[in-house]
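[1] Got a predicted structure plus its sequence, pasted below:
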Amino acid sequence: MSLSHIVGQDSGISNLLKVDSNGKLGVNDSLAQSSLSSISSTLSSSLNVNDSTSQSSLSTISSTLAGTLQVASASTLSVSAPALSTTSSSLASSDSVTDSSTFTSASTDLNAVKDFVVLGSSSDTSAQIKVEVSVDNSNWLASDETPIYSNNGIFVSHQSSQARWVRFTYTNSSGSPKTITMDISYKV
């Protein structure tokens, strides 16, 4: 069944109201347009259904996306996000780096994670740590991110990467052996 006309009565006068093929009520005056716009924006964030076909569809969506979408009742759809947890791992623990050599950290599989924090310390008070990225954990490229500089041996940096894998390098050019400790942390 489709609705194409509505007969309304205003002050005892019958009016024919036209409904277009999309089920929208056509109005000509600005007050009516404003009222309909207000109603539309008020209801835009809610989804309530009363017919069995829609209720069945919501149940199917809910079971398909279990844990993401929940049908709170037969006529209400609610959306929830999974809880985030923080993952941290040690990339270096007081690792010794001799003069004129380069330390390369273990690689980290970021998978779908795009933002992470790298933090640590070095006995080289002006250490420069470079970020390298890879799509396959074999071929590494220097990241376009700014290198991480230590401040009196301490460093903390929020980084972003579109690559799946990340690792860090530190080249000791201080003239004496140095140590480095480094962790990575991100939310999954």
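    Nice, thanks for sending it over. Numbers count the residues shown, from 1 in each chain.

[2] what residues go with each domain of the chain?
    Structural domains assigned to the chain are 1-45, 46-82, 86-187, following automatic domain parsing.

[3] what's the least confident stretch among these?
    Mean pLDDT is lowest for domain 1-45 out of the domains of the chain, coming in at a mean of 55.

[4] Just checking: what are the partner strands of the longest strand anywhere in the chain?
    Longest strand of the chain, by residue count under DSSP state E: strand 86-97. Here strand 86-97 is paired, per DSSP bridges, with strand 178-187 (antiparallel).

[5] number of nearby residues for Ser101?
    13 (other CB atoms under 10 Å). C-beta coordinates here come from the backbone N, C-alpha and C atoms, glycine included.

[6] surely it meets Ser173?
    No - with contact defined as CB atoms under 8 Å, Ser101 does not count as touching Ser173 (9.5 Å).

[7] show me where the protein has strands.
    Ranges of strands within the chain are 5-10, 13-18, 69-73, 76-79, 86-97, 102-104, 108-109, 115-122, 128-134, 141-142, 148-149, 154-160, 165-171, 178-187, based on DSSP E.
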